[in-house]
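Colleague: starting from these lines, generate the structure:
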Amino acid sequence: MAFRYFGTDGIRGRVGESPITAEFALKLGWATGQVLGDRDEGRVRVVIGKDTRISGYLFESALEAGLAAAGAEVLLLGPMPTPAVAHMTRSMGAAAGIVISASHNPYFDNGIKYFCRAGQKLDDAVQAAIEDALDQPMTHVAPERLGKAIRIDDATGRYVEFCKGTVGHGIRLDTLKLVVDCAHGATFRIAPHVFRELGAEVIALNCAPDGLNINRECGSTHPDGMTQAVIEHGADAGIAFDGDGDRVILADAKGCIVDGDAVIYALAMQRRAQGALNGGVVGTVMTNFGLEEAFAEAGIDFVRTRVGDRYVHEMLVERGWVLGGEASGHILCLDRATTGCGIVSALQVLEAMIVSNRTLAELTEPLHRYPQVMINVPVATGDRRTVHLRAGVADAIEATERSLAGAGRVVLRPSGTEPVVRVMVEAAEADRARQLAESLAETVQRETAA
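Modeller: Numbering: from 1, shown residues only. Modelled structure (predicted):
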């Protein structure tokens, strides 16, 4: 389904530029209230949470006003991780949840994304109805039917307790020293408390948001500070979240990065050993080939989807499985939470360490990863989704795959946010992967320039 505003993860852009403006957010809030009110035939409740970027105040107020004008009741959570908003939407019986966040982007970007009443991504039909409502003139319900806004003061405590409840009964982290990097983002009040209350010694980093420093040289996209702190403090593991808390990247005791693919491997193998895997595992087209090989050797079913945790979630639900995710750190444990949560995912890894009496390095060491090289090739916007169909590019892809002889992969993927095509090659040797990726990228560039 084609959308004018909604992407794979809501609406996102630079603050002050359409559609990320106060005027649009006001109308969007109203349109949301209209659609939900018509669907539920009465007054609805909508939860709003946000990350720590300064523009969150602006968009929170605008959405609140628009929803109130449509007669919706608004429950304000304040700064909360994206998955916390999903949980609170479900637990409070709201018709929808709205998150004001641009995830791992800098402070000057922001976005608006939705959850349905079940705490899962809003389905396409409702998003389409909201876009249609945006074309209608904004109206107001009668004064006596205007919505109210209520601030939920105990939202942080509620989510702390929920996260703690996702580990097995009696599981404690008393033997662990952890470095926790909150990226000056939405996890800054919650994550350190969760790990401390479960008994871990916590060295907390980047927990002082000022509205402008979210994701700035820290968190899951810049984990160097976390890895250095792990070594300096002699920690057992490092945990780095992104700005809205739905991604997590870990480090072992030597400061070596453990990305989403390695986390999925560790969780899948531990759950299989416990008889709790409940089916196979879902990755994406960017999941390392080594993970696919490891699962094949272990007899674990594995399937790929398009890039995006939304598509991973859809495939898990379709197959009745519970575990999947992306190398970027989006991990879905649907037997623990309705959507990807960095805190919950980290807890699952720590529980695996405790239960197996193994270090993080020991849990992930058997995974052999293929060297992966990705090159972004600028192309005209209209060309992005059809580049692979051009004769010269198609022939180059076929020749590259033939040279790999099954020991690697080739992926051409149009970016959803930039005018580039991502050329990715995996091979048994790093030099070979680099050579093939550069050659294929040159072909793409030449063919699109013609």
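
Colleague: check what pLDDT residue 382 gets.
Modeller: You'll see residue 382 listed with a pLDDT of 60.

Colleague: same thing with residue 9?
Modeller: 83.

Colleague: apart from its neighbours in sequence, what residue is nearest it?
Modeller: Sequence neighbours aside, residue 113 is the residue nearest to residue 9 in space, at 5.7 Å (criterion: Cβ to Cβ, 6 or more residues apart in numbering). For every residue, glycine as well, the C-beta is placed using N, CA and C.

Colleague: spit out the contact partners of the one you found.
Modeller: 9-11, 82, 98-99, 101, 121 (Cβ atoms under 8 Å, 6 or more residues apart in numbering).

Colleague: can I get the residues you listed in a markdown table with distance to residue 246 and secondary structure?
Modeller: Shown next, in a markdown table, are these (distance: Cβ to Cβ, whole Å; DSSP: H, G, I helix; E, B strand; the rest coil):
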| residue | distance to residue 246 | secondary structure |
| --- | --- | --- |
| 9 | 9 | coil |
| 10 | 12 | strand |
| 11 | 16 | strand |
| 82 | 5 | helix |
| 98 | 15 | strand |
| 99 | 9 | strand |
| 101 | 9 | coil |
| 121 | 11 | strand |
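
Colleague: most neighbours among these, which one?
Modeller: residue 101 (35 neighbours; other Cβ atoms under 10 Å).

Colleague: so which helix or strand takes in the residue nearest to residue 9?
Modeller: Assigned by DSSP states H and E, residue 113 falls within strand 109-116.

Colleague: what mean pLDDT would you report for that strand?
Modeller: 97.

Colleague: now swap in stretch 80-96 and tell me
Modeller: Here the average pLDDT along stretch 80-96 is 97.

Colleague: straight-line length of it, end to end?
Modeller: 16 Å (Cα to Cα, to the nearest Å).

Colleague: what residues sit buried inside it?
Modeller: Residues 80-90, 92, 94-96 are the ones in stretch 80-96 that count as buried (16 or more other Cβ atoms under 10 Å).

Colleague: please apply the same query to stretch 119-133.
Modeller: Buried residues in stretch 119-133 (16+ other Cβ under 10 Å): 119-122, 126-131, 133.

Colleague: roughly how far is it from the heart of the chain?
Modeller: The chain centroid and the centroid of stretch 119-133 are separated by 19 Å, computed with Cα atoms, centre = their mean, to the nearest Å.

Colleague: do the same with stretch 224-236
Modeller: 24 Å.

Colleague: buried residues in that stretch?
Modeller: Buried residues in stretch 224-236, counted by 16+ other Cβ under 10 Å: 225-227, 229-230, 235-236.

Colleague: what mean pLDDT does it have?
Modeller: Rounded mean pLDDT across stretch 224-236 is 98.

Colleague: hey, C-alpha coordinates of it in PDB?
Modeller: Output of stretch 224-236 as PDB, limited to C-alpha atoms (Å, rounded to 0.1, in the frame of the first residue of the first chain):
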ATOM      1  CA  ASP A 224      32.900   2.900  21.300                       C
ATOM      2  CA  GLY A 225      32.500   4.700  24.600                       C
ATOM      3  CA  MET A 226      30.500   1.700  25.900                       C
ATOM      4  CA  THR A 227      33.100  -0.800  24.800                       C
ATOM      5  CA  GLN A 228      36.000   1.300  26.400                       C
ATOM      6  CA  ALA A 229      34.100   1.600  29.600                       C
ATOM      7  CA  VAL A 230      33.600  -2.200  29.700                       C
ATOM      8  CA  ILE A 231      37.400  -2.700  29.500                       C
ATOM      9  CA  GLU A 232      38.100   0.100  32.000                       C
ATOM     10  CA  HIS A 233      35.700  -1.100  34.600                       C
ATOM     11  CA  GLY A 234      36.300  -4.800  34.100                       C
ATOM     12  CA  ALA A 235      32.600  -5.300  33.300                       C
ATOM     13  CA  ASP A 236      31.000  -8.600  32.300                       C
END
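
Colleague: measure the residue nearest to residue 9 to residue 12 for me?
Modeller: The gap separating residue 113 from residue 12 is 8 Å, by Cβ to Cβ, to the nearest Å.

Colleague: residue 242 against residue 183, yeah?
Modeller: Yes: at 5.9 Å, residue 242 counts as touching residue 183 under the criterion of Cβ atoms under 8 Å.

Colleague: which neighbours do the two share?
Modeller: 215, 219-220.

Colleague: of those residues, buried ones?
Modeller: 215, 219-220.

Colleague: save these as a markdown table, and put in secondary structure too.
Modeller: A markdown table is the format used below for these (DSSP: H, G, I helix; E, B strand; the rest coil):
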| residue | secondary structure |
| --- | --- |
| 215 | coil |
| 219 | helix |
| 220 | helix |
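
Colleague: which of those residues sits closest to residue 334?
Modeller: residue 220 (21.0 Å; Cβ to Cβ).

Colleague: quick one: end-to-end length of stretch 239-252, please.
Modeller: 9 Å.

Colleague: from residue 330, how far out is residue 9?
Modeller: 10 Å.

Colleague: anything in contact with each of these two?
Modeller: The overlap between the contact sets of residue 9 and residue 330 (Cβ under 8 Å, 6+ apart) consists of residue 309.

Colleague: and the buried residues of stretch 80-96, which is closest to residue 162?
Modeller: Proximity of these to residue 162 (Cβ to Cβ) peaks at residue 87, which lies at 5.7 Å.

Colleague: what comes into contact with whichever strand or helix holds the closest one?
Modeller: Using DSSP H and E, residue 87 sits in helix 82-91. Here helix 82-91 makes contact (Cβ under 8 Å, 6+ apart) with 47-49, 51, 75, 77, 80, 94, 96-99, 101, 103, 113, 115-120, 152, 155, 158-159, 162, 186, 190, 244-246, 337-344.

Colleague: check the offset of it from the chain's centre.
Modeller: That offset, for helix 82-91, works out to 14 Å (Cα atoms, centre = their mean).

Colleague: what's the answer for stretch 82-94, then?
Modeller: Taking mean C-alpha positions (Cα atoms, centre = their mean), stretch 82-94 and its chain are 16 Å apart.

Colleague: repeat for stretch 45-65
Modeller: 19 Å.

Colleague: try stretch 379-395
Modeller: With Cα atoms, centre = their mean as the basis, stretch 379-395 stands 28 Å off its chain's centre.
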